[in-house]
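Asks: Here is my input, please return the structure:
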Amino acid sequence: MPGTRQLCHIFSLEMKVEDLPTINACLNTLSTVFLMLGYWFIRKGRQGAHRNCMISAFVTSTVFLGCYLYYHYHTGHTTFDNPAWFRPFYLTLLATHILLAVVIVPLILSSFWFAFRRNFTRHRAVVRWAWPLWMYVSVTGVAVYLILYHLFPQSAGG
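Replies: Numbers count the residues shown, from 1 in each chain. A predicted model of the protein is given here:
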């Protein structure tokens, strides 16, 4: 079985650590799409499609986390310096994003556990909080990327 490097070579993909922020934004966007579709499917009574979307959202979010940690291990953190007037807005967005990213992990895991155990009453009670917070974290993850790399590009490695 070929490794990642070999697969990239087969498909002529030269992946660099610097590509990971864009890949991470794509993974967050994909998670958002799966979360929205999962919500839509459960509202339509399509439990199987809902389950598949939520598992897909979980997988894309997990892959995102792995890529995010790998990126920051190799590059350090990015400091938002300019423009100074926007820094408080950015830091507020980032702080809520990070805080809620930590908070949603046990919520997501417990919602999956309750669904797996077919305890849908408790599943719905947890998801009432988990889903909107997960959506917020996914959307703000893309917003952070757009701010740091496109709207107000910053230097990495602080």
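
Asks: check contacts around the residue nearest to the spatial centre of the chain.
Replies: By C-alpha atoms, centre = their mean, the chain has its centre lying nearest to residue 28, at 3.9 Å. Residues in contact with residue 28, defined by C-beta atoms under 8 Å, 6 or more residues apart in numbering, are 61, 64, 138-139, 141-142, 145. Glycine gets a C-beta too; all of them are placed from N, C-alpha and C.

Asks: Farthest-apart pair in those, please.
Replies: The most widely separated members of the contacts of residue 28, counting by C-beta to C-beta, are 61 and 145 (14.7 Å).

Asks: quick one on the thing from earlier: before we move on, which element is the residue nearest to the centre of the chain in?
Replies: Counting by DSSP states H and E, the element that carries residue 28 is helix 20-43.

Asks: Could you point out the helix or strand that follows that helix?
Replies: Taking DSSP H and E, what comes next after helix 20-43 is helix 47-75.

Asks: What is that following helix packed up against?
Replies: On a contact count with 3 or more C-beta pairs under 8 Å, 6 or more residues apart in numbering; DSSP states H and E, helix 47-75 meets helix 20-43, helix 87-116, helix 120-146.

Asks: Make TSV from these and add mean pLDDT and distance to residue 71 to it.
Replies: Below are the helices and strands packed on helix 47-75 laid out as TSV (pLDDT from 0 to 100; distance: least, C-beta to C-beta, whole Å):
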stretch	mean pLDDT	distance to residue 71
helix 20-43	97	4
helix 87-116	97	15
helix 120-146	97	11
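
Asks: So which of those is nearest residue 77?
Replies: Closest among these, using C-beta to C-beta: helix 87-116, at 10.6 Å.

Asks: No further queries at this time; thank you.
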